[in-house]
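1. Show me the folded form of this:
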Amino acid sequence: MNVSTMEIYLVGGAVRDDLLGVPVQERDWVVVGATPAELLARGFRSVGKDFPVFLHPNTHEEYALARTERKTAPGYHGFSVHAAPDVTLEQDLLRRDLTINAMARDAQGRLIDPYRGTCDLETRWLRHVSPAFAEDPVRILRLARFSARYAPLGFRVAPETLNLMRTMVASGEVDSLVPERVWAETVRALGESHPEQFIATLRECGALARIFPELDRLFGVPQPAAHHPEIDTGVHTLLALAQAVRLNADAVTRFAVLVHDLGKGTTQPDDWPRHHGHEQRGSDLIRTLCQRLRVPNMYRELGVLTARYHTHCHRALELRPKTLLNTLQGLDAFRKPQRFEQYLIVCEADARGRTGLENRDYIQAEFMRQVYQAAAAVQARPLLAQGLTGLALAEALQRERLAAITQVRQAFRDSETPA
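-> Predicted coordinates:
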């Protein structure tokens with residue numbers, strides 16, 4: 001084939017975000033009318049495993065040969081890929097997930113929009129390009145993630161697309177998702193501006209019950225209205241997640257917020273709306289969830305600890321010095337102060353994630369910081385200088401830390417007491 005027939009188009013997210021007026025994070029390109037040999041001859045480096053993708057020799061941006069896909073088996077690996085010079089741009093765009101991602105610009109900057117993506121951008125619809133959307137279960141996760149990203153702009157899922165997603169769930173297509181892909185999309189969604197919308201979208205199409213049954217189980221479970229005006233535990237979880245964003249929490253902390261109340265989903269209905277022992281039950285559920293989805297250790301550890309100890313923080317002003325010190329030690333706060341700070345943010349997001357209480361002061365977090373600082377200031381070195389070792393050293397360190405916490409506790413109470 002004559003190299004002069006090769007045409008290159010900017011595609012996908014870069015075109016979409018440019019039209020929306022939001023910063024373009026990365027640029028992807030489609031090459032029409034070329035072969036792998038021609039790109040290699042131009043200095044491109046092959047990196048695609050499942051289909052022909054190349055890195056530009058200078059910009060290192062991804063260039064993919066135009067391709068079509070045909071479903072051959074269940075799951076998102078079950079595809080036969082055809083990449084050849086005769087595949088057109090329109091055919092390549094047709095295999096994409098959403099209309100707003102199925103646009104391109106040519107070398108002169110002209111927009112190519114065969115599937116009315118600009119119309120859906122203007123009317124704020126997340127709509128599938130073709131029925132082929134149903135062939136790839138990852139697209140449900142991606143759409144939910146886009147919902148989390150573009151919710152502030154007013155985007156919502158088109159009714160026909162939501163119906164298609166529900167059909168995919170009912171047919172069992174979602175069950176073929178592998179843990180690594182579920183987690184990859186989830187952690188990306190946690191970093192979006194409205195991660196709670198990711199969960200809400202998955203629930204609306206029925207996928208949440210299949211992917212995160214521990215979370216889905218929370219919806220409809222009541223809590224005491226006196227403490228939780230929103231009542232529903234699932235609703236509270238989404239409100240708390242929104243507050244975590246407001247508190248500038250990182251993705252690890254947001255995950256801990258998402259799972260902090262999982263134990264309430266296993267409370268027996270006869271015990272509702274109270275949830276005695278939900279902390280430990282939640283810790284066990286988080287371990288199971290993280291093992292199933294192969295969640296990294298840092299996420300699991302913070303999630304387990306906050307589930308176990310979040311009510312300690314809420315009740316901190318009522319706790320005895322010994323219980324406060326045990327809490328710090330249980331959290332491993334002296335060795336991992338940064339994680340302790342993440343824990344406090346989770347607790348504050350939990351407290352603020354209640355209808356009508358979003359702006360209430362959470363003085364418990366500041367109190368716990370002062371307790372930690374006082375206890376951490378007690379060092380073993382002076383005690384070692386006194387000749388203390390072993391059990392005697394540990395007991396002396398414990399006594400001095402308890403004394404420091406007692407002093408902080410009294411001073412904090414005095415400062416909160418009206419004159």
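
2. low-confidence ranges in the stretch 151-300 of the chain?
-> Scanning the stretch 151-300 of the chain for pLDDT under 70 picks out nothing.

3. And the stretch 1-150 of the chain, by the same measure?
-> Counting by pLDDT under 70, the stretch 1-150 of the chain contains low-confidence residues at 1-4, 71-79.

4. which stretches of it form helices?
-> For the stretch 1-150 of the chain, applying DSSP state H, counting those that start in this stretch gives helices covering 13-20, 36-41, 89-94, 117-123, 138-150.

5. Most tightly packed of those?
-> For these, ranked by mean neighbour count under the definition mean count of other CB atoms under 10 Å, the leader is helix 138-150 at a mean of 23. Backbone N, C-alpha and C define where each C-beta goes, glycine included.

6. Now the helices of the stretch 1-150 of the chain in CSV, please, with extra columns for distance to Arg105.
-> Below are those laid out as CSV (distance: least, CB to CB, whole Å):
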stretch, distance to Arg105
helix 13-20, 6
helix 36-41, 20
helix 89-94, 11
helix 117-123, 12
helix 138-150, 20
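
7. looking at those, which is closest to Thr59?
-> For those, the distance to Thr59 is smallest for helix 13-20, at 12.6 Å, taking CB to CB.

8. who's in contact with that closest one?
-> Outside of helix 13-20, the residues within contact range by CB atoms under 8 Å, 6 or more residues apart in numbering are 23-28, 100-101, 103-105, 111, 117-118, 121, 153.

9. Number of residues surrounding the residue nearest to Glu61 when sequence neighbours are not counted?
-> Nearest residue to Glu61 in three dimensions, chain neighbours excluded: Arg27, at 5.4 Å (CB to CB, 6 or more residues apart in numbering). The criterion is other CB atoms under 10 Å. On that basis, Arg27 has 17 neighbouring residues.

10. which residues touch Arg27?
-> Applying CB under 8 Å, 6+ apart, one finds that Arg27 lies in contact with 10, 14, 61.

11. same thing but at 10 Å, please
-> With contacts defined as CB atoms under 10 Å, 6 or more residues apart in numbering, Arg27 is in contact with 10-15, 17-18, 56, 59, 61-62.

12. what does Gln223 give?
-> 229-233, 235-236, 261, 264, 267, 272-275, 278, 354.

13. can you check Asp261 too?
-> Residues 215, 218, 221, 223, 233-234, 236-237, 240, 275, 278-279, 282, 307, 310, 350, 353 are the ones in contact with Asp261 under the rule CB under 10 Å, 6+ apart.

14. can you rerun that using 6 Å?
-> For Asp261, the contacting residues are 233, 237, taking CB atoms under 6 Å, 6 or more residues apart in numbering as the criterion.

15. what do you get for Ala374?
-> With contact set as CB under 6 Å, 6+ apart, Ala374 has these partners: 404-405, 408.

16. Please name every helix or strand in contact with the longest helix seen in the chain.
-> The longest helix of the chain (DSSP state H) is helix 390-416. Secondary structure elements in contact with helix 390-416, counted by 3 or more CB pairs under 6 Å, 6 or more residues apart in numbering; DSSP states H and E, are helix 321-330, helix 363-376.

17. got those as CSV, with mean pLDDT and distance to His128 columns?
-> Formatted as CSV, those follow (pLDDT from 0 to 100; distance: least, CB to CB, whole Å):
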stretch, mean pLDDT, distance to His128
helix 321-330, 97, 48
helix 363-376, 97, 44
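
18. Quick one: closest of those helices to Glu196.
-> Ranking the helices and strands packed on helix 390-416 by proximity to Glu196 (CB to CB) places helix 363-376 first, at 21.4 Å.

19. Just want the angle from that closest one to helix 321-330.
-> Relative orientation of helix 363-376 with respect to helix 321-330: 80 degrees, computed using axes from the mean of the first three to the mean of the last three CA atoms, to 10 degrees.

20. Next, the buried residues of helix 363-376.
-> Across helix 363-376, burial judged by 16 or more other CB atoms under 10 Å covers 364-365, 367-368, 371-372, 374-375.

21. so after that helix, what's the next helix or strand?
-> Under the assignment DSSP states H and E, the closest C-terminal helix or strand after helix 363-376 is helix 381-385.

22. What average pLDDT does that next one get?
-> Mean pLDDT, helix 381-385: 79.

23. Would you mind listing the outside residues contacting it?
-> Contact with helix 381-385 is made by 393, 396, as judged by CB under 6 Å, 6+ apart.

24. Now with 7 Å, please.
-> Counting contacts by CB atoms under 7 Å, 6 or more residues apart in numbering, the residues outside helix 381-385 that touch it are 393, 396-397.

25. what distance separates that helix from the centre of its chain?
-> On the basis of CA atoms, centre = their mean, to the nearest Å, helix 381-385 sits 45 Å off its chain's mean C-alpha point.

26. What of stretch 323-340?
-> Here stretch 323-340 is found 25 Å from its chain centre; the criterion is CA atoms, centre = their mean.

27. Endpoint to endpoint, that stretch covers what distance?
-> In terms of CA to CA, to the nearest Å, the two terminal residues of stretch 323-340 are separated by 16 Å.

28. Stretch 165-182 now?
-> Terminal residues of stretch 165-182 lie 16 Å apart, using CA to CA.

29. give the contact list for the closest residue to Ile112 other than its chain neighbours.
-> Computed as CB to CB, 6+ apart, the closest residue to Ile112 that is not its neighbour in sequence is Ala104, at 4.5 Å. With CB under 7 Å, 6+ apart as the criterion, the residues that contact Ala104 are 9-11, 15, 30, 89, 93, 112.

30. Next, format the residues you listed as CSV and append distance to Arg127.
-> Putting those into CSV (distance: CB to CB, whole Å) gives the following:
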residue, distance to Arg127
Tyr9, 21
Leu10, 21
Val11, 18
Val15, 16
Val30, 21
Leu89, 20
Leu93, 14
Ile112, 18
